[in-house]
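Participant: below are the sequence and a predicted model; questions follow.
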Amino acid sequence: MFHPNIETFIGCDAEYQDASLVLFGAPFDSTTSYRPGTRYGSSAIRHESFGLETYSPYQDEDLTDYQVFDFGDLELCFGSSEAALADIESLTKQILQDNKFPLLIGGEHLVTLGSFRAIHEKYPDVHIIHFDAHTDLRDDYLGAKLSHACVIRRCHDLIGDGRIHQFCIRSGEREEFRFAKEHTNLHKFNFDGLEEALIQISDAPIYFTIDLDCLDPSAFPGTGTPEAGGVTFMELLGALQMVSKCNVVGADINELSPMLDTSGASTALACKVVRELMLALLKNK
């Protein structure tokens, strides 16, 4: 018997009703401020995941021991950021209503806002753990309030002071760093202070957003706005495992532009981050 050729992330072919974690893509990059291409990130990660094993020697865990449903990519309106965000929010809300964990793959970082709106509605006391090279705290970018350069500022509009914890930050306008001193908990350059922040958050719900440009571009050049001086893969792996032990209720990984690294190394690294994050979250659920 013939069946449709449906491509999923490796090891993520469970039925929706059986899954505890739902993976879905948001191929959107309409507000990218420098080099576009993140709209191809989620499909590239899914396709190239078959260069991985389902088993992680870092965690001694295997995706085949868990039930993960890969929804595929949303079909998003490139002409309207708000319409795209509404579609992301709607799907995240459905996943939450079905008592499953939403894991979003971008796409540019603005896609986080759609998922986070649904998370905030269900968990109004939520905190954000944010790994990124950039502050993303502009109030607007060239007049646009909805931009990947403004996404954490828009999240701050929802939850206010003291609940956004930023790490690896090494780029932004002076005003963004001034804003962060008053309104967020910003940690420059690396993961120093992460353990203390997680202790402070305690059992509160966490939304975990990883912009892959937190990595040094020598390891991850395939991103739209690379910033020298980032962390290594092993440092990121240790940090995401630490966060995953807490009460994480939703997460995303974003900002891979696969066509900007024709070697495929950036996509391979992104695939491994997705696998390791899923396993870390699943084993701690």
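Facilitator: Received it, and whenever you're ready, just let me know what you need.

Participant: give me the distance from the longest helix seen in the chain to the chain's centre.
Facilitator: Determined from DSSP state H, the single longest helix within the chain is helix 265-283. In terms of Cα atoms, centre = their mean, to the nearest Å, the centre of helix 265-283 is found 11 Å from the chain centre.

Participant: name the helices or strands packed onto that helix?
Facilitator: strand 21-26, helix 41-48, strand 55-56, strand 61-62, strand 101-106, helix 233-244, strand 248-254 (3 or more Cβ pairs under 8 Å, 6 or more residues apart in numbering; DSSP states H and E). No exception for glycine: its C-beta is placed from N, CA and C like everyone else's.

Participant: which one of these lies closest to Cys168?
Facilitator: Proximity to Cys168 (Cβ to Cβ) singles out helix 233-244 among those, at 8.6 Å.

Participant: strand 248-254 and the closest one, what's the angle between them?
Facilitator: 150 degrees (axes from the mean of the first three to the mean of the last three Cα atoms, to 10 degrees).

Participant: related to what we said a few turns ago, give me the buried positions along the longest helix of the chain.
Facilitator: Across helix 265-283, burial judged by 16 or more other Cβ atoms under 10 Å covers 266-283.

Participant: what about the protein, any weak spots by pLDDT?
Facilitator: Residue ranges of the chain with pLDDT under 70: 1.

Participant: any chance you could map the helices in it?
Facilitator: Under DSSP H, the chain gives helices at 41-48, 81-97, 111-122, 151-159, 174-183, 194-201, 233-244, 265-283.

Participant: distance to Asp62 added to those helices, as TSV?
Facilitator: Output for these, formatted as TSV (distance: least, Cβ to Cβ, whole Å):
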stretch	distance to Asp62
helix 41-48	19
helix 81-97	23
helix 111-122	27
helix 151-159	33
helix 174-183	39
helix 194-201	26
helix 233-244	16
helix 265-283	8
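
Participant: what's the closest of the ones you listed to Asp136?
Facilitator: helix 151-159 (4.1 Å).

Participant: could I get the closest one in CSV with only the CA atoms?
Facilitator: Included here for helix 151-159 are C-alpha records, laid out as CSV according to Å, rounded to 0.1, in the frame of the first residue of the first chain:
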residue,chain,number,x,y,z
VAL,A,151,9.9,41.0,20.2
ILE,A,152,11.1,41.0,23.8
ARG,A,153,9.8,44.6,24.3
ARG,A,154,6.4,43.4,23.1
CYS,A,155,6.6,40.5,25.6
HIS,A,156,7.5,43.0,28.3
ASP,A,157,4.3,44.9,27.4
LEU,A,158,2.4,41.8,28.5
ILE,A,159,4.2,40.8,31.7
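
Participant: list the contacts of that helix.
Facilitator: Applying Cβ atoms under 8 Å, 6 or more residues apart in numbering, the contact partners of helix 151-159 are 109-110, 112-113, 116-117, 120, 126-128, 130, 132, 135-139, 145-146, 164, 166, 179, 183-184.

Participant: from the chain's centroid, how far away is that helix?
Facilitator: For helix 151-159, the distance to the chain centre is 15 Å (Cα atoms, centre = their mean).

Participant: list the contacts of the nearest residue to Ser81 once chain neighbours are set aside.
Facilitator: Of all residues not flanking Ser81 in the chain, Leu146 sits nearest, at 4.2 Å (Cβ to Cβ, 6 or more residues apart in numbering). Going by Cβ under 8 Å, 6+ apart, Leu146 touches 31, 81-82, 85, 110, 113, 154.
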